[in-house]
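Trainee: I'll drop the sequence and a predicted model, then ask my questions.
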Amino acid sequence: MKKTKRLRVDDAFDKPAPPGTTHLGRAGEYFVAAQLLRMGYNASPLPVDTGVDLLAHWTTRSGESRVALLQVKSTAATRTTIRLNKPQLDRITDQGVNLIVVFWCDPQRPFALVLPPALFHMLTSGGFKSSAAPIRSRVDGAVIVLRARTQEHVFIRNSRTDVGPMVNRFDRLAATDEDPHAIPDYAEWTSDAEGLLRIVSEKDTQPNKRMQPTARRVRRG
């Protein structure tokens with residue numbers, strides 16, 4: 001009697017090759033979109049890459065329609081360097097684009113660092129045009145060095161600037177009509193000499209009020 005070969009699951013569903021940069025980037029976009037959908041935002045990746053990867057729309061409790069633009073970067077490392085050219089840098093402040101960096105250090109527990117335009121502006125300028133500014137701005141753009149020690153502790157440039165409190169804080173996304181030069185209520189300067197800033201810790205905020213899309217409106221003018 002002819003013996004029948006037993007088909008193993010691994011044979012039937014052969015694993016794909018390791019993901020490339022494109023796969024990782026698209027995975028980051030869908031991860032962010034899923035988090036926003038769960039919170040009540042109508043979010044979806046855009047079919048054409050114009051420097052904005054995701055568009056999020058929501059209606060406030062007062063009936064106002066709001067829109068947020070997001071640019072998503074992804075990394076599988078605990079330390080990464082993100083380079084933005086001058087048009088990309090200008091787009092963040094001129095168009096109010098939120099920069100989101102998704103860390104896939106642990107594929108089972110991805111997390112995202114949320115950098116709204118106003119916070120990005122503080123990190124870039126240092127507030128005092130200091131050479132110690134966490135994000136090094138140059139004539140041709142900006143260089144962002146990020147290191148994730150843990151999900152709760154993510155640093156920009158060095159350990160003096162811990163932006164861990166901005167991990168998965170999608171409730172702090174800025175709408176397109178908010179002033180990118182205003183100091184957000186969750187950040188503050190800590191030194192006039194060095195231009196360092198501190199993100200207000202979770203215990204100092206009111207997450208229950210922030211978790212739903214609300215009319216947090218700061219108009220340009």
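Mentor: On my side now, so go ahead.

Trainee: How far does the longest helix seen in the chain sit from its chain's centre?
Mentor: Using DSSP state H to define each element, the chain has its longest helix at helix 21-39. Distance of helix 21-39 from its chain centroid, counting by C-alpha atoms, centre = their mean, to the nearest Å, is 11 Å.

Trainee: what does stretch 99-113 rub up against?
Mentor: Residues outside stretch 99-113 that contact it (C-beta atoms under 8 Å, 6 or more residues apart in numbering): 24, 27-28, 31-32, 35, 54, 70-78, 80, 82, 92, 114-115, 120, 146, 148, 151, 154, 163, 166-168, 170. C-beta coordinates here come from the backbone N, C-alpha and C atoms, glycine included.

Trainee: now the residues you listed: which count as buried?
Mentor: Buried members of the contacts of stretch 99-113, counted by 16 or more other C-beta atoms under 10 Å: 24, 27-28, 31-32, 35, 54, 70-76, 80, 92, 114-115, 120, 146, 148, 151, 154, 163, 166-167, 170.

Trainee: Can you flag which of the residues you listed belong to helices?
Mentor: In helices, defined here by DSSP H, the members of these are 24, 27-28, 31-32, 35, 92, 120.

Trainee: Verify the stated contact: Arg160 with Thr190.
Mentor: No: with contact defined as C-beta atoms under 8 Å, Arg160 does not count as touching Thr190 (9.2 Å).

Trainee: For Val97, give the beta-bridge partners.
Mentor: Leu69 (DSSP bridges).

Trainee: got it, and Val101?
Mentor: Lys73, Leu113.

Trainee: Can you get me a residue count around it?
Mentor: Around Val101 there are 24 other residues, counting by other C-beta atoms under 10 Å.

Trainee: That one and Asp177, how far apart?
Mentor: 24 Å (C-beta to C-beta, to the nearest Å).

Trainee: What of Gln95?
Mentor: Counting by C-beta to C-beta, the gap from Gln95 to Asp177 is 11 Å.

Trainee: Could you do Thr75 as well?
Mentor: Distance, Thr75 to Asp177, using C-beta to C-beta: 30 Å.

Trainee: do the same with Thr60
Mentor: 12 Å.

Trainee: any residues in contact with both of these two?
Mentor: Common contact partners of Thr60 and Asp177 (C-beta under 8 Å, 6+ apart): Arg66.

Trainee: can you map out the strands along this structure?
Mentor: Using DSSP state E, the strands found in the chain span residues 42-45, 54-59, 65-75, 79-85, 97-103, 111-115, 136-138, 141-150, 153-156, 187-189, 197-199.

Trainee: Distance to Thr124 added to those strands, as a markdown table?
Mentor: Converted to a markdown table, those look like this (distance: least, C-beta to C-beta, whole Å):
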| stretch | distance to Thr124 |
| --- | --- |
| strand 42-45 | 26 |
| strand 54-59 | 22 |
| strand 65-75 | 15 |
| strand 79-85 | 10 |
| strand 97-103 | 11 |
| strand 111-115 | 10 |
| strand 136-138 | 5 |
| strand 141-150 | 6 |
| strand 153-156 | 10 |
| strand 187-189 | 13 |
| strand 197-199 | 11 |
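
Trainee: need the least confident one among those strands, by mean pLDDT.
Mentor: Looking at the strands of the chain, the lowest mean pLDDT belongs to strand 136-138 (a mean of 78).

Trainee: got the contact list for stretch 52-65?
Mentor: Contact with stretch 52-65 is made by 29, 32-33, 36, 40-46, 66-72, 91, 95, 97, 100, 173, 212-215, 217, as judged by C-beta under 8 Å, 6+ apart.
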